[in-house]
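Engineer: okay, structure incoming, though there's no sequence with it:
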């Protein structure tokens, strides 16, 4: 292989990656641009809030309670090496609110919601329902994508807040049943060491992750190739890209919020 | 009147339309025939702006469709899609009344529902169907609902993409009759894509055959059988032998 051939081989995927980033950015810009412009589809927004927010509660809650419990056990085991077992309540609370609540909640919602949005919109595309929307003078981006993205962005902070509370409760349950913590002391330590920004930063992360999840679902669904295979690929791409972007955005937001 | 002049469209290395010239007079029913993959649906989507043509011009009553006000332009059209393209998440009446409940002239919900039930009745469906979801309907019923949706806003121009594909001959006949009746009753301009020669004879005033990315032949349906064009003859008689290559 010649040097130019090798460079071309390297350059092609890089160019493709930048082109994809550009397309996603333009798609996101178009959605944001439509959010405040009429017509508004309140029924679709309400439906999306139920689908994305309410019906994700069980999976987010289960994830949080087990994560909170496991976190308490790990911190206790690790803290015992430094005679610092008493930090369990505060570290569980900070860990859940700043990181694990939003990140794990975001990943679970990505698995559940990005896939379903991509599959639904992808199927609509291959069955010409999106073309039908256009012929009925309805902008598919506005009708399908805007309510879902808005709903996910609004619902995720509530899901994260719920996940935080359940996760802290999971840690408390393990603390008082397995680690011999006094219930009142555990709760007092949790409250004393938790700051408003610990919770607030997680909620902001949640909103960003919600936006990413729905954006990826809508983008891949709208760009789905024909046939069942095309819809399957769109669904897979939506979940993978949403998950990776959540982790990347989490790092960036953590840098922004907690390093100065 | 819809006029297409030298319309071309290429997908990658595949040049689907190679200079289509066609005129569809107002109030007439034009049927486009041609083999699978010859670009009939692409042609129709180019007119609607669902697919952007590469060159040539498409005008509606003398106005370039690419420069027309999009909402006003689309408000003049109704379309029956090949697979129905009904919205799965909406009830039948909501599908039919979709356009009626949106825009500046949106009807209140109760009125839109009444109008949808009236259109369903027009295509031979009972009011009980209105509250079902599309997945609960047979293929023939879905086509009728699609037809009701296409005519709900009483458009000036209606497109039918393979209206009888996948239907049994009796249901296909019912759909053909409905299309003909509705087009005549509304005085609409119709453009239909089909392979089904029974549909052609039932629906068409004029026929155009698309082959090799161009209009091979066009004329009144009454002259179709008498044409000496070997491509048209092979197609309308369904012969395997002839100038149109068939893959075996």
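Structural biologist: Looks like it arrived, so ask away. Here the structure is a predicted model, which is why all the values come from computation and not from measurement. Residues are numbered from 1 along each chain as shown, chains lettered A, B, ... in the order given.

Engineer: show me where the chain has helices.
Structural biologist: All of this is about chain A. A:3-35, A:42-48, A:57-80, A:88-95, A:101-109, A:115-126, A:129-135, A:140, A:146-178, A:183-193, A:196-222, A:227-258 (DSSP state H).

Engineer: wait, chain B was what I had in mind.
Structural biologist: Using DSSP H, helices in chain B cover B:40-48, B:70-74, B:92-96, B:109-122, B:139-151, B:169-186, B:197-203, B:221-224, B:230-237.

Engineer: pLDDT score for the closest residue to residue A:223 other than its chain neighbours?
Structural biologist: Spatially, and ignoring its direct neighbours in sequence, residue A:223 is nearest to residue A:234 (7.0 Å; CB to CB, 6 or more residues apart in numbering or on different chains). From N, CA and C alone the C-beta is placed, and that goes for glycine too. For residue A:234, the pLDDT comes out at 96.

Engineer: separation between residue A:234 and chain B?
Structural biologist: From residue A:234 across to chain B, the span is 17 Å (CB to the nearest CB, to the nearest Å).

Engineer: what's that residue in contact with, if anything?
Structural biologist: Shown in contact with residue A:234 (CB atoms under 8 Å, 6 or more residues apart in numbering or on different chains): A:118-119, A:122, A:220-221, A:223-225.

Engineer: repeat for residue B:90
Structural biologist: B:98, B:133-134.

Engineer: swap in residue A:219?
Structural biologist: A:23-24, A:27, A:238.

Engineer: at 7 Å instead, please
Structural biologist: Going by CB atoms under 7 Å, 6 or more residues apart in numbering or on different chains, residue A:219 touches A:24, A:27.

Engineer: measure it to residue A:19 for me?
Structural biologist: Shown here: residue A:219 relative to residue A:19, a distance of 13 Å by CB to CB, to the nearest Å.

Engineer: pick out the residue nearest the middle of the chain.
Structural biologist: Assuming you mean chain A. residue A:106 (2.7 Å; CA atoms, centre = their mean).

Engineer: that's the other chain; I wanted chain B
Structural biologist: Chain B, centroid-nearest residue using CA atoms, centre = their mean: residue B:160 at 1.7 Å.

Engineer: I'd assumed residue B:179 was in contact with that one.
Structural biologist: Yes: at 6.1 Å, residue B:160 counts as touching residue B:179 under the criterion of CB atoms under 7 Å.

Engineer: just the contacts of residue A:234 now: which is nearest chain B?
Structural biologist: residue A:119 (11.8 Å; CB to the nearest CB).

Engineer: what number of residues lie near the closest one?
Structural biologist: When neighbours are defined as other CB atoms under 10 Å in any protein chain shown, residue A:119 has 19 of them.

Engineer: ok now do the residue nearest to the centre of chain B, which residues does it touch?
Structural biologist: B:80, B:179, B:190, B:192.

Engineer: determine which two of those are furthest apart.
Structural biologist: Across these, no pair lies farther apart than B:80 and B:190, at 10.1 Å, counting by CB to CB.

Engineer: returning to what we had before: most packed of the helices of chain A?
Structural biologist: helix A:101-109 (a mean of 26; mean count of other CB atoms under 10 Å in any protein chain shown).

Engineer: those residues of the stretch 1-150 of chain A touching chain B, which are they?
Structural biologist: A:39, A:127-129, A:131-132, A:134-138 (CB under 7 Å from any CB of the partner chain).

Engineer: leaving out sequence neighbours, find the closest residue to residue 172.
Structural biologist: Answering for chain A, as no chain was given. With CB to CB, 6+ apart, the residue lying closest to residue A:172 is residue A:186, at 5.4 Å.

Engineer: switch to chain B, please.
Structural biologist: residue B:164 (3.7 Å).

Engineer: repeat that for residue B:144.
Structural biologist: residue B:123 (4.3 Å).

Engineer: pull the contacting residues for that neighbour.
Structural biologist: So residue B:123 contacts B:144, B:147-148, B:178 (CB under 7 Å, 6+ apart).

Engineer: mind redoing it with 10 Å?
Structural biologist: By CB atoms under 10 Å, 6 or more residues apart in numbering or on different chains, the residues touching residue B:123 are B:96, B:141, B:143-151, B:174-175, B:178-179, B:181-182.

Engineer: next, give phi and psi for the residue in chain B that chain A sits nearest to.
Structural biologist: Ranking the residues of chain B by distance to chain A (CB to the nearest CB) places residue B:85 first, at 4.0 Å. Residue B:85 adopts backbone torsions of phi 50, psi 40, taken as degrees, to the nearest 10.

Engineer: show the pLDDT at it.
Structural biologist: Value for residue B:85, per-residue pLDDT: 93.

Engineer: gap between it and residue A:102?
Structural biologist: According to CB to CB, residue B:85 and residue A:102 sit 39 Å apart.

Engineer: test my guess that residue B:195 contacts residue B:238.
Structural biologist: Yes: applying CB atoms under 10 Å, one finds residue B:195 in contact with residue B:238, separated by 9.4 Å.

Engineer: which one of these two has more residues nearby?
Structural biologist: residue B:195 (16 against 9).

Engineer: report the contact partners of the more buried one.
Structural biologist: Residue B:195 neighbours (CB under 10 Å, 6+ apart): B:33-36, B:40, B:162, B:164-165, B:235, B:238.

Engineer: what about 7 Å?
Structural biologist: Residue B:195 sits in contact with residue B:33, where contact means CB under 7 Å, 6+ apart.

Engineer: residue ranges with poor pLDDT in chain A?
Structural biologist: A:1, A:260 (pLDDT under 70).

Engineer: could you tell me which residues of chain B lie near chain A?
Structural biologist: Close to chain A, as judged by CB under 7 Å from any CB, chain B has residues B:48, B:50, B:71, B:74-75, B:77, B:79, B:81, B:83, B:85, B:87, B:98-99, B:102-103.

Engineer: now with 6 Å?
Structural biologist: B:50, B:71, B:74-75, B:79, B:81, B:83, B:85, B:87, B:98-99 (CB under 6 Å from any CB of the partner chain).

Engineer: let me know the closest of the residues you listed to residue B:8.
Structural biologist: Within those, the smallest distance to residue B:8 is 16.5 Å, found for residue B:50 (CB to CB).

Engineer: which non-adjacent residue is nearest that closest one?
Structural biologist: Closest to residue B:50 by CB to CB, 6+ apart is residue A:131, at 5.2 Å.

Engineer: what does residue A:136 give?
Structural biologist: residue B:99 (4.8 Å).

Engineer: that neighbour against residue B:154, yeah?
Structural biologist: No: the criterion here is CB atoms under 6 Å, and residue B:99 misses it with residue B:154 at 10.3 Å.
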